[in-house]
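A.B. asks: Give me the fold of what follows.
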Amino acid sequence: MIIVLNPHVKEEHIERISDYLHKLNLKIHTSQGEEQTILGVIGDISCVDIEKIKGFEGVNKVIRISESYKQCSRTFNPTDTIVSIGNVPFGGKDIAIIAGPCSVENEKMIHKLAMEVKRYGAHVLRGGAFKPRSSPYTFQGLGETGLKYLRDAAFSAGIPSVSEIMTIGDIDLFYNYVDALQVGARNMQNYSLLKALGTIDKPIILKRGMSATIEEWLNAAEYIVTGGNQRVILCERGIRTYETSTRFTLDLSSVPVIKKLSHLPIIVDPSHAMGNRDLVISMARAAVAAGADGIMVEVHDDPNNALSDGPQSLYPKQFNQLMKELHIISQVIGRGVIKQ
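C.D. replies: Numbering: from 1, shown residues only. As a prediction, this is how the structure comes out:
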C-alpha cells in the first residue's frame, strides 16, 4: 500500500500518519519528490483501516499495490533507484560498464586485464572465483585465492569489483573482498541465499534465471529488498528457448518492461546470452539503445586458452572498439557513458 500525500504537506501531518502505522507494526518507506511525498507501507496491511488513513490531514489518496513484488514495483517507488558499486552509479542518466574475465585464472592475468579494461573505459572489474559449472570436471575457480587476486587487481586499477557468490556460508568471505556480490542465473530462486543477502549492506547484482519470467525475477529481487538491502541491480543474461543458434535468447524486451514495472536499475550481459564474441558486440550496442543502465561483458587477452567461456570473451582491442561505439549510441538516446 502507498499513501500519496498532498503537495507541500506539513511534517507534523506525516508524523501523525507514521505514528499510527508504527503502532500497527508496519514499516514505512518514504519517497520524497520535489513537491510530493509518498509513503510506502510495508507489512501485513489487513489490520489497516483504509478509510481512517484517508481521513488523516495531508493525505491525497491511498493506493493498494496489486503486484506481488511490492517494494520493487514502480507503484511503490515511482522514482528511479540509483545503486552505486563503489563510486559507480547504476540507474542514473549515464550508463556504467562492467568488464573482465569469466574466471580469475591467476594473479598476473587478472592484474593485466584489470589495467586494460580500465584503460579502455570500464568502471567495474568482474571475475569469477567460485564457478558454478555444468560439468564437475571443468574449472571450478580458485576460491578465496581468486577473490584476493581480484581485490588486489581492482585496487591497482582504481576500480571496484564484483564476483559471483554461490552459498550462504561464503557471504562473510565475499564481503571482505568485493564491492558487489553477483547472484547467478542458477541461484536466482535460491531463496535462502537471497534472504541472507538482504541483510548485508553491499550491492547485489541479480541475474535473471534462464527460464524465469520477469515477474519471477522481480519476486526474487523482492526477497533481497524485504530483508532491508535496497541496493539491487537486475541483470538480463538471456533465457532458454528452442533457438540453438545462440547459447540463450537475449530478451532485450525485458529492459523497457522492467523500466515500466520497477524502479530498480537493469543491466545486460550479452556475453552469456550469445556465447560467441562476434555476436556480443552487436547485442551490447542494442542493449544500450534499448535503455539498459549498464553492460557486463567478458574480456580475456588469450580467450583461446581461457579456462572458461573463451569463445564469448572479447579481446581487449574489441572491448576498446565497443566502448567507443557505446559512447556514440548512448548520446543518440540522450544519455552517455560515465566518465572516469
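
A.B. asks: What is the worst-scoring helix or strand of the chain on mean pLDDT packed up against?
C.D. replies: Ranked by mean pLDDT, DSSP states H and E, the weakest helix or strand in the chain is strand 27-32, scoring a mean of 84. With contacts defined as 3 or more Cβ pairs under 8 Å, 6 or more residues apart in numbering; DSSP states H and E, the packing partners of strand 27-32 are helix 11-23, strand 37-42. Every residue, glycine included, has its C-beta placed from N, CA and C.

A.B. asks: Nearest to residue 150 among the ones you listed would be which one?
C.D. replies: strand 37-42 (35.3 Å; Cβ to Cβ).

A.B. asks: Toward the C-terminus, what is the element adjacent to that closest one?
C.D. replies: Once strand 37-42 ends, the next helix or strand along the chain (criterion: DSSP states H and E) is helix 50-55.

A.B. asks: re earlier: who does the least confident helix or strand of the chain pair up with?
C.D. replies: Counting by DSSP bridges, the strands paired with strand 27-32 are strand 37-42 (antiparallel).

A.B. asks: ok so, going back, flag every buried residue along the least confident helix or strand of the chain.
C.D. replies: 29, 31 (16 or more other Cβ atoms under 10 Å).

A.B. asks: Now do the domain split for this protein, please.
C.D. replies: Domain ranges of the chain: 2-63, 83-332, per automatic domain parsing.

A.B. asks: circling back: mean pLDDT added to the helices and strands packed on strand 27-32, as TSV?
C.D. replies: Formatted as TSV, the helices and strands packed on strand 27-32 follow (pLDDT from 0 to 100):
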stretch	mean pLDDT
helix 11-23	91
strand 37-42	88
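
A.B. asks: now those as JSON lines including distance to residue 116?
C.D. replies: Rendered in JSON lines, the data for the helices and strands packed on strand 27-32 read as follows (distance: least, Cβ to Cβ, whole Å):
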{"stretch": "helix 11-23", "distance to residue 116": "51"}
{"stretch": "strand 37-42", "distance to residue 116": "43"}
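
A.B. asks: Number of residues surrounding residue 253?
C.D. replies: Residue 253: 11 surrounding residues under other Cβ atoms under 10 Å.

A.B. asks: which non-adjacent residue is nearest it?
C.D. replies: What sits nearest to residue 253 in space, not counting adjacent residues and going by Cβ to Cβ, 6 or more residues apart in numbering, is residue 290, at 8.0 Å.

A.B. asks: show me what contacts that neighbour?
C.D. replies: With contact taken as Cβ atoms under 8 Å, 6 or more residues apart in numbering, residue 290 is in contact with 252-253, 255-256, 268.

A.B. asks: how about the helices in the stretch 201-340 of the chain?
C.D. replies: 214-226, 254-261, 270-274, 277-290, 316-332 (DSSP state H, counting those that start in this stretch).

A.B. asks: and what of the stretch 51-200 of the chain?
C.D. replies: Secondary structure of the stretch 51-200 of the chain, counting by DSSP H, counting those that start in this stretch: helices at 107-119, 144-157, 171-177, 191-197.

A.B. asks: Quick check: which of those helices is nearest to residue 23?
C.D. replies: Checking the helices of the stretch 51-200 of the chain against residue 23 by Cβ to Cβ gives helix 191-197 as the closest, at 26.9 Å.

A.B. asks: Would you mind pulling the contact partners of the closest one?
C.D. replies: Helix 191-197 is contacted from outside by 165, 167-168, 171, 181, 183, 187, 204, 206, 220, 223-224, 227, 229, using Cβ under 8 Å, 6+ apart.

A.B. asks: so can I have a markdown table of the residues you listed showing neighbour count and pLDDT?
C.D. replies: As requested, the contacts of helix 191-197 are exported to a markdown table (neighbours: other Cβ atoms under 10 Å; pLDDT from 0 to 100):
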| residue | neighbour count | pLDDT |
| --- | --- | --- |
| 165 | 25 | 97 |
| 167 | 14 | 95 |
| 168 | 14 | 97 |
| 171 | 17 | 97 |
| 181 | 22 | 98 |
| 183 | 25 | 98 |
| 187 | 22 | 97 |
| 204 | 24 | 98 |
| 206 | 26 | 98 |
| 220 | 25 | 98 |
| 223 | 24 | 97 |
| 224 | 25 | 98 |
| 227 | 15 | 94 |
| 229 | 19 | 97 |
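
A.B. asks: quick one: which of these is nearest residue 152?
C.D. replies: The nearest member of those to residue 152, counting by Cβ to Cβ, is residue 181 at 18.1 Å.

A.B. asks: ok, now which ones touch that closest one?
C.D. replies: Residue 181 makes contact with 162-165, 171, 174-175, 197, 200, 202-205, according to Cβ under 8 Å, 6+ apart.
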